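*Asks:* just to be clear, the model below is a prediction. Sequence and coordinates:
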Amino acid sequence: MAKVLIATEKPFSGVAVKGIKEVFDAAGYEVVMLEKYTEKSQLLNAVKDVDAMIIRSDKVDAEVLDAAKQLKIVVRAGAGYDNIDLAAATAHNIVAMNTPGQNANSVAELVFGLLVFGVRNFFNGTSGTELKGKKLGILAFGNVGRNVARIAKGFGMEIAAYDAYCPADAIEAAGVTAAKSQEELFETCDIVSLHIPATPETKQSINYVLVGKLKKGGILVNTARKEVIDEAGLIKLMEERKDLKYLTDIKPDADAEFAEKFPGRYFATPKKMGAQTAEANVNAGIAAANQIVGFLRDGITKFKVN
Ligand code: 3PG
């Protein structure tokens, strides 16, 4: 009987766990849970004898993969898989997958939660602005970016997007203006929302010069990854440009400095909330469970990322 570990430092909703267990029950697999763990040693211990594993932003590095002697597949229930050491997984002959799109609407809705909070001056009672008529720049037009565009239309925003890997005509086909570069996107928009993955190419790419191109009163919103931000550059810029706001769902390393220096212009959620909805947990968790059964039973490798 296959044994599956659900290792989630930030647990799924109860309804999602129930749905995941139903998938594995039907397949005749055993499920073990490791939720809200605080020490890596707990994960190292839990992976020892499992055949498969579902994770979220949980870090699966070479040490974890070394300890997982029986592991055949790890599925990141979500989009970004920068938390998995893919080279180590491949070296161990372990398949890594993600569940693209499954939590995209949840993340996209949070963008607008952050934006309304931001343009209404963090609900401090003073007069703010509206989103209608403002120009929103979407950096990377993947599943989340597309959902952001869909919702932005409802707010009556002008929308532009740039994606190094998505052709301009595919962006235009979604009713969104295609910017020629990320520089142009920042230059021409009031708000830029980040939806790029954390890769060697994107790390610290959102820097002093780029964000400095934003129009007066500009807002940068980040529901992607903290690693894409050049934190020192952004701090320097926000010191010089008192008109800029930074709203993020991923606490920067320099959270305390941002909070102290930029009250009313900086907000970070206490814990990453983008995919924290029952719907996103159900969608991503059950997709992950089905992908594990599909792989172990039928050898299906759709959504393999290594
Ligand atoms: C993702 O990459 O899918 C999101 O960042 C969600 O991450 P989470 O599962 O840790 O909430």
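*Replies:* Looks like it came in fine.

*Asks:* all strands for the chain, in order.
*Replies:* 3-8, 30-35, 52-55, 73-76, 95-98, 135-139, 158-162, 177-178, 191-194, 219-222, 245-248, 266-268 (DSSP state E).

*Asks:* contacts for the fifth one?
*Replies:* Just to be clear, that refers to strand 95-98. The contact list for strand 95-98, computed with Cβ atoms under 8 Å, 6 or more residues apart in numbering, reads 72-76, 78-81, 84, 86, 89, 288, 291, 295, 301-306. Every residue, glycine included, has its C-beta placed from N, CA and C.

*Asks:* with just CA atoms, put the lengthiest helix in the chain into PDB.
*Replies:* Secondary structure of the chain per DSSP state H: the longest helix is helix 278-298. Output of helix 278-298 as PDB, limited to C-alpha atoms (Å, rounded to 0.1, in the frame of the first residue of the first chain):
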ATOM      1  CA  ALA A 278     -10.900  26.900   1.000                       C
ATOM      2  CA  GLU A 279     -11.500  26.900  -2.700                       C
ATOM      3  CA  ALA A 280      -7.800  27.200  -3.600                       C
ATOM      4  CA  ASN A 281      -6.900  24.600  -1.000                       C
ATOM      5  CA  VAL A 282      -9.500  22.200  -2.400                       C
ATOM      6  CA  ASN A 283      -8.500  22.800  -6.000                       C
ATOM      7  CA  ALA A 284      -4.800  22.600  -5.500                       C
ATOM      8  CA  GLY A 285      -4.900  19.800  -2.900                       C
ATOM      9  CA  ILE A 286      -7.200  17.500  -4.800                       C
ATOM     10  CA  ALA A 287      -5.300  18.100  -8.100                       C
ATOM     11  CA  ALA A 288      -2.100  17.200  -6.300                       C
ATOM     12  CA  ALA A 289      -3.700  14.000  -4.900                       C
ATOM     13  CA  ASN A 290      -5.100  13.000  -8.300                       C
ATOM     14  CA  GLN A 291      -1.700  13.700  -9.900                       C
ATOM     15  CA  ILE A 292       0.000  11.400  -7.300                       C
ATOM     16  CA  VAL A 293      -2.500   8.600  -8.000                       C
ATOM     17  CA  GLY A 294      -2.200   9.100 -11.700                       C
ATOM     18  CA  PHE A 295       1.600   8.900 -11.500                       C
ATOM     19  CA  LEU A 296       1.900   5.900  -9.100                       C
ATOM     20  CA  ARG A 297      -0.800   3.900 -10.700                       C
ATOM     21  CA  ASP A 298      -0.600   4.900 -14.400                       C
END
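
*Asks:* average pLDDT for it, rounded please.
*Replies:* For helix 278-298, mean pLDDT rounds to 98.

*Asks:* quick one on the thing from earlier: give me the subset of the contacts of strand 95-98 touching the ligand.
*Replies:* Near the ligand, judged by Cβ under 6 Å from any ligand atom, the entries from these are 78, 79, 80.

*Asks:* mind listing what the first one touches?
*Replies:* Going back to what we said before, that points to residue 78. Going by Cβ under 8 Å, 6+ apart, residue 78 touches 56, 57, 98, 99, 102, 103, 275, 284.

*Asks:* and which of those residues is nearest to residue 252?
*Replies:* residue 57 (15.6 Å; Cβ to Cβ).

*Asks:* roughly how far does the residue nearest to that closest one when sequence neighbours are not counted sit from residue 77?
*Replies:* Spatial nearest neighbour of residue 57, excluding adjacent residues (Cβ to Cβ, 6 or more residues apart in numbering): residue 83 at 5.4 Å. Going from residue 83 to residue 77 by Cβ to Cβ, to the nearest Å gives 12 Å.

*Asks:* these two: which is more packed in?
*Replies:* Higher neighbour count among residue 83 and residue 77: residue 77, with 30 against 16, using other Cβ atoms under 10 Å.
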